[in-house]
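> One predicted model, sequence on top.
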Amino acid sequence: MCSAYRDYGIDCDLHSSSQKSIPLIPNAGPSRTCLLRNCSRETPLGDIPQIVTKIADPPITLHTRYTLTMSSIATKHGDAGTTGLIGGRRTSKADPRVESYGDVDELNSALGFARSICDQNDIREWTEHIQKTLFRVGAALATPPEDRKKDPVLTQADVDYLTALVDQIEATPGILADWSLPGANTQSAAYEIARTVCRRAERAAVHLHELGRAQLSPEGEHWVLPEVLAYLNRLSDLIWLFGRVIELRAKVDSRLRDESKPGPGFSRAW
């Protein structure tokens, strides 16, 4: 199995072109990036000695033509209730680490639905960018500390991106700065659902972090990258603001507070 593909969670094998596979075009192989991101059921590798030998584990030398064939998405490896983490080790699907990145996966889907019905181009673009980043958040959570690469998969720059958007939206004239009642607008309601999923993902990540700290070992302190906790915390605030922008532009009033409960923003209004 090619280790570069395994790092991306793809099981693959190299099969001789004498089998039922697409013939190769010598010296016309795609780049490694294309192999990782644009592979299909059977992707010609081109000049195997130059390409495959660079990413194969262990290193190999080939003197024939090969095709990379992806296995089915139904690997059956998880039929007994286990799954593979990044790095290769298997664990229970009930493991808190699996729970944490599973919640991030659900968050990505909730944001995808919200984006699909949103008619605000800027919010759609911001949401798509966040969805792509969430794959890196999930990868960070799915990687035990002992299997991490030197370069972090998530950085402070990712958190700063969200913070800048929060500051930008909060400076918008007329934006609500108090409790809102979900459901005033269909599009904003979809983002409210995503916001609550984000808070659950954050709680799961914090739980995993605290479990690691309880191990009283150097590795335990790093079960969860600090940038992951900061990112999820900031993201839930930003998603809430997305809903308020949608309602402001739609001229919809979602304020929970009425005249009978005066007070400063986010004080008791019920």
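Looks like it arrived, so ask away.
> who's in contact with stretch 223-233?
Defining contact as C-beta atoms under 8 Å, 6 or more residues apart in numbering, one finds that stretch 223-233 is touched by 97, 100, 104, 133, 137, 140-141, 144-145, 152-156, 158-159, 162, 198, 201-202, 205-206, 208-209, 211-213, 215. C-beta here means a position set from N, CA and C on the backbone, and glycine is covered the same way.
> quick check: mean pLDDT across that stretch?
For stretch 223-233, the mean pLDDT works out to 94.
> Enumerate the positions of that stretch that are buried.
W223, V224, L225, E227, V228, L229, A230, Y231, L232, N233 (16 or more other C-beta atoms under 10 Å).
> got the CA positions of whichever strand or helix holds Y161 in CSV?
Assigned by DSSP states H and E, Y161 falls within helix 156-170. Below are the C-alpha coordinates for helix 156-170, written out as CSV (Å, rounded to 0.1, in the frame of the first residue of the first chain):
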residue,chain,number,x,y,z
GLN,A,156,-3.0,30.1,14.5
ALA,A,157,-3.5,31.8,11.1
ASP,A,158,-6.7,29.6,10.6
VAL,A,159,-8.0,31.0,14.0
ASP,A,160,-7.1,34.5,13.0
TYR,A,161,-9.1,34.2,9.8
LEU,A,162,-12.2,33.5,11.8
THR,A,163,-11.5,36.3,14.3
ALA,A,164,-11.1,38.8,11.5
LEU,A,165,-14.5,37.9,10.1
VAL,A,166,-16.1,38.1,13.5
ASP,A,167,-14.7,41.7,13.9
GLN,A,168,-15.8,42.6,10.4
ILE,A,169,-19.4,41.4,10.9
GLU,A,170,-19.7,42.9,14.4
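> Quick check: next helix or strand after that helix?
Downstream of helix 156-170 (by DSSP H and E), the next one is helix 186-213.
> Can you work out which other helices and strands pack against that next one?
helix 96-117, helix 226-249 (3 or more C-beta pairs under 8 Å, 6 or more residues apart in numbering; DSSP states H and E).
> just the ones you listed: most buried one?
helix 226-249 (a mean of 21; mean count of other C-beta atoms under 10 Å).
> That one to helix 96-117, inter-axis angle?
20 degrees (axes from the mean of the first three to the mean of the last three C-alpha atoms, to 10 degrees).
> what about D158, how many neighbours?
Neighbour count for D158, taken as other C-beta atoms under 10 Å: 20.
> need the contact list for it.
D158 touches T133, R136, E227, Y231, counting by C-beta under 8 Å, 6+ apart.
> ok, it to A140 distance?
10 Å (C-beta to C-beta, to the nearest Å).
> Repeat that for L181.
Where A140 is concerned, L181 sits at a distance of 34 Å (C-beta to C-beta).
> Settle it for me: which of those two has more neighbours?
Neighbour totals were compared for L181 and A140, and A140 leads with 22 against 13 (other C-beta under 10 Å).
> how would you label T91: helix, strand or coil?
strand (DSSP: H, G, I helix; E, B strand; the rest coil).
> Next: D119.
coil.
> mind listing what the nearest residue to it once chain neighbours are set aside touches?
Distance criterion C-beta to C-beta, 6 or more residues apart in numbering; nearest residue to D119, sequence neighbours excluded, is Q187 at 7.0 Å. Applying C-beta under 8 Å, 6+ apart, one finds that Q187 lies in contact with A114, I117, C118, D119, Q120, I246, A250.
> how about JSON lines for those residues, with distance to D167 and pLDDT added?
Putting these into JSON lines (distance: C-beta to C-beta, whole Å; pLDDT from 0 to 100) gives the following:
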{"residue": "A114", "distance to D167": "22", "pLDDT": "98"}
{"residue": "I117", "distance to D167": "26", "pLDDT": "98"}
{"residue": "C118", "distance to D167": "21", "pLDDT": "98"}
{"residue": "D119", "distance to D167": "24", "pLDDT": "97"}
{"residue": "Q120", "distance to D167": "19", "pLDDT": "97"}
{"residue": "I246", "distance to D167": "19", "pLDDT": "98"}
{"residue": "A250", "distance to D167": "23", "pLDDT": "97"}
